[in-house]
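> This is a predicted model, with the sequence first.
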Amino acid sequence: MRSSAASDVYKRQTLHSAQKQNGETIMREKAIERKLTLMVKKRGGICPKFVSPGYDGMPDRIILLPGCHFAFVEVKAPVKKPRPLQIARHKVLMKLGFRVYVIDSAEQIGAILDEIQSP
């Protein structure tokens, strides 16, 4: 359970990580990534940064959940799209049988984690 002080810090970080667009507050990529890692951790998993030196365009993170459930995730700022090289890498991974997701909203995270954990 998160303490009140910790909760206040998280709320401030989220607000600082948000921006206005057309009158709506939207989360920045870093805030979405932070929320993703927290939600994965709550489910007993880890979500390390995925770094692939010499092989550009790979997804940002890999989700590893209990029961050998895993997927690659590209985190984008709202309304931003993956670059052509990223799309090409996603296609290679999917052709190999891996799940690849692009997340540009914190609201997507729960459903994606549910899908990854489904048999």
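Received the coordinates, thanks.
> Can you list the helices and strands that the helix or strand harbouring residue 35 packs against?
Element membership of residue 35, judged by DSSP states H and E, is helix 29-42. On a contact count with 3 or more C-beta pairs under 8 Å, 6 or more residues apart in numbering; DSSP states H and E, helix 29-42 meets helix 4-16, strand 61-65, strand 69-75, helix 109-117. Heads up, the C-betas are built off the backbone N, CA and C, glycines and all.
> Now it: buried residues?
29, 31-37, 39-40 (16 or more other C-beta atoms under 10 Å).
> Next: stretch 54-72.
57-65, 69, 71-72.
> per-residue pLDDT, residue 2?
Looking at residue 2, its pLDDT is 43.
> Repeat that for residue 52.
For residue 52, the predicted pLDDT is 93.
> for this protein, what are the low-confidence residue spans?
The model of the chain has pLDDT under 70 over residues 1-27.
> Tell me how far the residue nearest to residue 112 when sequence neighbours are not counted lies from residue 63.
Of all residues not flanking residue 112 in the chain, residue 101 sits nearest, at 5.2 Å (C-beta to C-beta, 6 or more residues apart in numbering). Distance of residue 101 to residue 63, computed by C-beta to C-beta, to the nearest Å: 8 Å.
> now swap in residue 100 and tell me
Distance from residue 100 to residue 63, by C-beta to C-beta: 11 Å.
> Overlap in contacts, these two.
Residues touching both residue 100 and residue 63 comprise 71-73, with contact defined as C-beta atoms under 8 Å, 6 or more residues apart in numbering.
> For the closest residue to residue 39 other than its chain neighbours, give its distance to residue 95.
Excluding the flanking residues, the one nearest residue 39 by C-beta to C-beta, 6+ apart is residue 109, at 5.2 Å. Remark: distance between residue 109 and residue 95 (C-beta to C-beta) = 25 Å.
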